[in-house]
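Novice: Fold the following and give me the result.
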Amino acid sequence: MNQGRHRPTLRDIAEETGLSPAAVSYALRGLQVTEETQARVREAAKRLGYEADPIARALASGRTETIGVLCGSLADGWQQQVAAALGRGLLGAGRNPVTVDAGNDPEREVMLAKRLVDQRADAVIVLPVDPTAPHWAEIADRTVLVSVGDGLPGAPAAAEVVFDNVTGVSHGLRMLAAAGHSRVTVLTPTDRATPDRPAEQVVQQVAPELGLTAAVRSCPHDLDGAAAVVRELLTAPSPPTAFFCLADSIAFGVYLAARELKLTVPEDVSVVGYDDLAAGRLLTPPLSSYRWPIDDLVEAVVSHAVDAIDNKVGGRRRTVLQPEPMPRGSVAAPRA
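Specialist: Sure, this is the predicted structure:
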């Protein structure tokens, strides 16, 4: 047979092995035939250069081997890093990642989640903008749903991989208080306090114990947007002497605003980030931040998603990741 003339088919493998096309199909899927027959069929398929039609395989198995990664905002450098790492992890597990960006817009998030399901994604991994939104229940009913960064209280997600934000936020406030700061602003990319992102509640509880006057302010991820918010705060009466930014991309905006206002870090204003992005180490001075174990995150998310798809693992599986403080030069005592 001249393999260059057409793409090998199941019938070609059947002729090569003396089996029926149906038996060849079962053997390639590991069904209803002996292991010896499966090995013989797979060897013939490899020799002939046979590749399964992905559409036909999806119709036969009910799966597309595609997993959607729905990011809350790819303007956030940390989400970019996580999305890239998840893509590599899913490819390594033999799955096809499709990454989409909600742009921090809850309505766009709904649209993209439903589109991924309509396109028959075997699972959707979401870094949610609004974890309390009602549509997550529908998504979880139609496909495997795995949440990163926040639990989904209204949906039966297969798994949740979240962060110990109580420990992280408390540690950051204590570090600033120990440096002598009393007026601190916590900048957060979302104004939605949730059980797994309880920034405002932690600040309200911990700040009085430390003698801090602390405020929580929502702030965009992008550099110019974050800098605009910080400029407003630094030019107001009784400005903060320190910023605790729950995203390094927001902390970069503090550096920019300080430079524009002829202020220096950390002499005039101290800054703490939260993601330990590599770019933070290039700043002058390098940004103090928190390192989260992305390798552990990817391993947990991919394994939970693949188990739920392949083995129909039921029940909500929950993994909590811990922060590692990375103190550098961006925190100092406030000017007298």
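
Novice: Quick check: residue 47 vs residue 23, distance?
Specialist: Using Cβ to Cβ, to the nearest Å, one gets 18 Å for the distance from residue 47 to residue 23. Placement of C-beta: from N, CA and C, glycine included.

Novice: Neighbour count: those two, which is higher?
Specialist: residue 23 (19 against 12; other Cβ atoms under 10 Å).

Novice: which residues sit in contact with the more buried one?
Specialist: 14, 33, 37, 41 (Cβ atoms under 8 Å, 6 or more residues apart in numbering).

Novice: Figure out the helix or strand that it lives in.
Specialist: helix 21-28 (DSSP states H and E).

Novice: Other residues contacting the next helix or strand after that helix?
Specialist: Later in the chain than helix 21-28, the nearest helix or strand by DSSP H and E is helix 35-48. The contact list for helix 35-48 (Cβ under 8 Å, 6+ apart) reads 1, 3, 8, 12-13, 16-17, 19, 23-24, 27-28, 30, 33, 50.

Novice: Was I right to think residue 127 contacts residue 71?
Specialist: Yes. Contact criterion Cβ atoms under 8 Å: residue 127 and residue 71 qualify, at 5.2 Å.

Novice: Next, show the common contact partners of these two.
Specialist: Going by Cβ under 8 Å, 6+ apart, residues that sit against residue 127 and also against residue 71 are 79, 82.

Novice: Out of the contacts of helix 35-48, flag the one nearest to residue 207.
Specialist: Residue 207 lies nearest to residue 30 out of these, by Cβ to Cβ, at 58.9 Å.

Novice: domains of the chain?
Specialist: Under the assignment automatic domain parsing, the domains of the chain span 10-52, 66-336.

Novice: so which of the ones you listed is the most packed in?
Specialist: A comparison of these by mean neighbour count, using mean count of other Cβ atoms under 10 Å, puts domain 66-336 on top with a mean of 19.

Novice: That one: end-to-end distance?
Specialist: Using Cα to Cα, to the nearest Å, one end of domain 66-336 lies 58 Å from the other.

Novice: residues in contact with the residue lying closest to residue 290 once chain neighbours are set aside?
Specialist: Closest residue to residue 290 apart from its sequence neighbours, by Cβ to Cβ, 6 or more residues apart in numbering: residue 323 at 4.2 Å. The contact partners of residue 323, by Cβ under 8 Å, 6+ apart, come to 163, 164, 167, 168, 171, 290, 291, 292.

Novice: Quick check: the fifth one touching residue 325?
Specialist: Yes. Counting by Cβ under 8 Å, residue 325 is a contact partner of residue 171 at 6.1 Å.

Novice: Can you give me the distance of residue 45 to residue 65?
Specialist: 18 Å.

Novice: Need the nearest residue in space to residue 298, chain neighbours excluded.
Specialist: Spatial nearest neighbour of residue 298, chain neighbours left out: residue 89 (4.2 Å); criterion: Cβ to Cβ, 6+ apart.

Novice: ok, that neighbour - contacts?
Specialist: With Cβ under 8 Å, 6+ apart, residue 89 has these contacts: 298, 299, 301, 302.

Novice: which intervals of the stretch 51-200 of the chain have sub-threshold pLDDT?
Specialist: For the stretch 51-200 of the chain, the stretches with pLDDT under 70 are 52-62.

Novice: Let me see the ranges of the helices in the stretch 151-300 of the chain.
Specialist: Secondary structure of the stretch 151-300 of the chain, counting by DSSP state H, counting those that start in this stretch: helices at 165-178, 199-210, 223-234, 248-260, 294-310.

Novice: Give me the angle between the third one and helix 248-260.
Specialist: It stands for helix 223-234. 60 degrees (axes from the mean of the first three to the mean of the last three Cα atoms, to 10 degrees).

Novice: Show me what helix 223-234 is packed against.
Specialist: On a contact count with 3 or more Cβ pairs under 8 Å, 6 or more residues apart in numbering; DSSP states H and E, helix 223-234 meets strand 183-188, helix 248-260.

Novice: Redo the ones you listed as JSON lines? Include distance to residue 218.
Specialist: Shown next, in JSON lines, are the helices and strands packed on helix 223-234 (distance: least, Cβ to Cβ, whole Å):
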{"stretch": "strand 183-188", "distance to residue 218": "6"}
{"stretch": "helix 248-260", "distance to residue 218": "10"}
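
Novice: Identify the residues contacting residue 79.
Specialist: 71, 72, 73, 127.

Novice: and it, how far is that from residue 104?
Specialist: For residue 79, the distance to residue 104 - Cβ to Cβ - is 10 Å.

Novice: if we can go back for a sec, would you tell me which of the helices and strands packed on helix 223-234 gets closest to residue 118?
Specialist: Closest among the helices and strands packed on helix 223-234, using Cβ to Cβ: helix 248-260, at 31.5 Å.
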